[in-house]
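Asker: Just need the structure, nothing else, for what follows:
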Amino acid sequence: MGRTLIMSPARVRRTLRRLAYEIVERNRGADTLELFGIRESGVPLVETLVDEINEIEDEVLTPYGLDVTPFRDDHTGEESSTPSHDVDVTGRDVILVDDVLFTGRTSRAALDAVLQYGRPQSIQLVVLIDRGHREYPIQPDYTGRLLQTKHREEVIVATDGDFSVSVED
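Answerer: Residues are numbered from 1 along each chain as shown. Sure thing, here's the model as predicted:
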């Protein structure tokens, strides 16, 4: 098994900054935004994106983590689906952030999970890596990088300290 570095920490930082600008431009600023990182790997990414957006727009947005486990179609546990944050997304533009989009199952669960916080004006999806291979008709609104992979390959996004992206086969 070999591991190949696809995106260095510097490249990931530049990509996240570009994505922050794209989010701000498409939403005509940041005053209507609520950003949720899909746990686990989406949380450090959303924190960095919020820092970038706050710097660009001189805002004070708060990043939120979103646990989608109780909303997954392959989940059989008894975890509660009680909201873990006191935020109302009604009439707001929700930005969901995840590290890798593959089958679309996690993103589909995130759509259900975010609705426990109200009825947003829009829900947009940001992914650092889009692998393709969808099982659900879900497409990201913002993509850091499109990376065609084989099913057996694994995309690894390092989120502890410096971000990086590797493929392991």
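
Asker: residue closest to the middle of the chain?
Answerer: Nearest to the geometric centre of the chain sits Val97, at 1.5 Å (Cα atoms, centre = their mean).

Asker: Can you tell me what sits against the longest helix along the chain?
Answerer: Criterion DSSP state H: the longest helix present in the chain is helix 9-26. For helix 9-26, contacts defined as Cβ atoms under 8 Å, 6 or more residues apart in numbering pick out 7, 30, 33, 45, 48-49, 52-53, 56-57, 95, 124, 126, 128, 141-142, 144-145, 162-165. Placement of C-beta: from N, CA and C, glycine included.

Asker: Show the average pLDDT along it.
Answerer: If you average the pLDDT over helix 9-26, you get 98.

Asker: Show the subsequent helix or strand relative to it.
Answerer: strand 33-38 (DSSP states H and E).

Asker: Centre of the chain to that next one, how far?
Answerer: Put simply, strand 33-38 sits 8 Å off its chain's centre (Cα atoms, centre = their mean, to the nearest Å).

Asker: Neighbours of the nearest residue to Thr90 once chain neighbours are set aside, how many?
Answerer: Spatial nearest neighbour of Thr90, excluding adjacent residues (Cβ to Cβ, 6 or more residues apart in numbering): Gly118 at 3.6 Å. Around Gly118 there are 15 other residues, counting by other Cβ atoms under 10 Å.

Asker: Then Arg28?
Answerer: Using other Cβ under 10 Å, Arg28 has 9 neighbouring residues.

Asker: where's it relative to Asp93, distance?
Answerer: Using Cβ to Cβ, to the nearest Å, Arg28 is found at 10 Å from Asp93.

Asker: Report the buried residues of the longest helix of the chain.
Answerer: The neighbour-count check on helix 9-26 (16 or more other Cβ atoms under 10 Å) flags Arg11, Val12, Thr15, Leu16, Arg17, Leu19, Ala20, Ile23, Val24 as buried.

Asker: Is it possible to get TSV of these that adds distance to Ala158?
Answerer: Output for the buried residues of helix 9-26, formatted as TSV (distance: Cβ to Cβ, whole Å):
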residue	distance to Ala158
Arg11	13
Val12	9
Thr15	14
Leu16	14
Arg17	18
Leu19	18
Ala20	20
Ile23	23
Val24	26
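
Asker: how about the residues you listed, which pair is most distant?
Answerer: Maximum pairwise distance in the buried residues of helix 9-26, criterion Cβ to Cβ, is 20.7 Å, between Arg11 and Val24.
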